[in-house]
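Student: 3D, please:
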Amino acid sequence: MKANNIKPADRLSLVSEYYFSRKLKEVAQMNAEGKDIISLAIGSPDMPPSEKTVNTLCEVARRHDSHGYQPTMGTAELRNAISRFYKRWYEVDINPANEVQPLIGSKEGILHVTLAFVNPGEEVLVPNPGYPTYTSLSKILGANVVNYDLMENDGWQPDFEQLEKMDLSKVKLMWTNYPNMPTGGNARRETYERLVDFAQRHGIVVVNDNPYSFILNDKPMSLMQVPGAKDCCIEFNSMSKSHNMPGWRVGMCVSNATFISWILKVKSNIDSGTFRGVQLAAAEALDNSAEWHREANIETYSRRRQYAEKIMDVLGCSYDKQQVGMFLWGRIPDSYATCEELTERVLHEARVFITPGFIFGSKGERYIRISLCAKEEKIEAALERIKKIF
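Tutor: Numbers count the residues shown, from 1 in each chain. Predicted coordinates:
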């Protein structure tokens, strides 16, 4: 049988290859040609985890009894650490026995939650602009995506008036992401309260993706701080951004015991648990000091942000100085037909890779995004390259 006689599943026609997966091949080819591209596109922290995190991984890996399968529900050490983390930083009580589920990253959690709550043909609410995986995984799993707009003139918060006018009869999940990516709109108590009220009145599960609450942000917030949120909402958190552990693939979701049991039912049929060393190291990381977080997540990114703002200024982009997170989101000048026209010129003439906003939805078409996940000297070098072109 020849391979060209084999057809893929129909679901593959509903999605395309992830933008960064495709574009990084082009950038790799340009680097192979000696063009030395500076990447300011992807939010992959370039700093290491805390020393005690790495030391714990090494210590556990050397033990002869550490290499067997681990429980899918996570080790007691990690579950307890997540509970302490939520109490310490958010003043939220989470029962480590049944209200938390460690994840192999939040991206995995999007899959598990959708499988647990949404039948094919039912609907999910996805923000526009928003993280592309909310859309792509929903489509792959047979859910229908319904976009809701974020309000630029209100710090990229949901347009609740628009939401209330929608036909919500088939909606099972609503994806939210505060602090927001890609826009940098910060979390607000009022927004969280309105989301919980919306979930309760319409019988919709709101899932807040919360990996950026420590990045350039003095007051981390959680949706779970709102009374009643645990009964109708789920929150993801991730160690990729806040603890400099993107490649470790450690995330978590918290909710009520019933929702967590449904998610675990799905997850236990898909994976066999995370390496014990990674789990115990993650537990150590969750106890990092406030000083560590300030240096890694606020002071470092603050210095880098200054150069990113200068790049936006050179490109003629406007941006909100109050935005948080590890990116800078800016509106392109009217002289460009599309954001990709600008980002392609920056890539091929200045040899700097930045992200066009269209990949986050139609509301991102007039925007670009600059990642702060590069050393200061790299961002400064990118600035100098761009100055020579623009």
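Student: What distance do you get for residue 31 to residue 247?
Tutor: 20 Å (CB to CB, to the nearest Å). Just so you know, the C-beta spots here come from the backbone N, C-alpha and C atoms, and that holds for glycine as well.
Student: Make sure residue 134 is indeed in a strand.
Tutor: No: under DSSP: H, G, I helix; E, B strand; the rest coil, residue 134 sits outside any strand and is assigned helix.
Student: Surely residue 296 touches residue 47?
Tutor: Yes: counting by CB atoms under 8 Å, residue 47 is a contact partner of residue 296 at 6.1 Å.
Student: Which helix or strand lies directly C-terminal to the longest strand seen in the chain?
Tutor: The residue-count maximum for a strand in the chain (DSSP state E) belongs to strand 144-151. Using DSSP states H and E, the helix or strand that follows strand 144-151 in sequence is strand 157-158.
Student: contacts for that next one?
Tutor: Residues outside strand 157-158 that contact it (CB atoms under 8 Å, 6 or more residues apart in numbering): 127, 148, 149, 150, 151, 176, 185, 188, 191, 194, 195.
Student: Which residue comes closest to the last one once chain neighbours are left out?
Tutor: Going back to what we said before, that points to residue 195. Spatial nearest neighbour of residue 195, chain neighbours left out: residue 206 (5.0 Å); criterion: CB to CB, 6 or more residues apart in numbering.
Student: Which element, helix or strand, includes that neighbour?
Tutor: Residue 206 belongs to strand 205-209, assigned by DSSP H and E.
Student: quick one, what contacts residue 284?
Tutor: Contacts of residue 284 by CB under 8 Å, 6+ apart are 50, 52, 53, 56, 81.
Student: What of residue 135?
Tutor: 126, 145, 361.
Student: Okay, and the beta partners of the first one?
Tutor: So that's residue 126. Residues in a beta bridge with residue 126, per DSSP bridges, are residue 147.
Student: Around it, count how many other residues there are.
Tutor: 23 (other CB atoms under 10 Å).
Student: Tell me the pLDDT of it.
Tutor: The per-residue pLDDT reported for residue 126 equals 97.
Student: Is it in contact with residue 138, as I believe?
Tutor: Yes: assessed by CB under 8 Å, residue 126 is found in contact with residue 138 at 6.9 Å.
Student: Overlap of the contact sets of those two?
Tutor: Taking CB under 8 Å, 6+ apart as the contact rule, residue 126 and residue 138 both touch residue 145.
Student: For residue 331, see how far away residue 236 is.
Tutor: 28 Å.
Student: Those two: who's more crowded?
Tutor: Comparing residue 236 with residue 331 by other CB under 10 Å, the one with more neighbours is residue 236, at 25 against 17.
Student: Just the C-alpha atoms of the helix or strand harbouring the more buried one, please, in PDB.
Tutor: Using DSSP H and E, residue 236 sits in strand 233-238. Extracted C-alpha coordinates of strand 233-238, given in PDB (Å, rounded to 0.1, in the frame of the first residue of the first chain):
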ATOM      1  CA  CYS A 233     -15.300  27.500  37.400                       C
ATOM      2  CA  ILE A 234     -11.900  25.900  36.800                       C
ATOM      3  CA  GLU A 235      -8.600  27.600  36.900                       C
ATOM      4  CA  PHE A 236      -5.300  26.600  35.200                       C
ATOM      5  CA  ASN A 237      -2.000  27.700  36.500                       C
ATOM      6  CA  SER A 238       1.400  27.000  35.000                       C
END
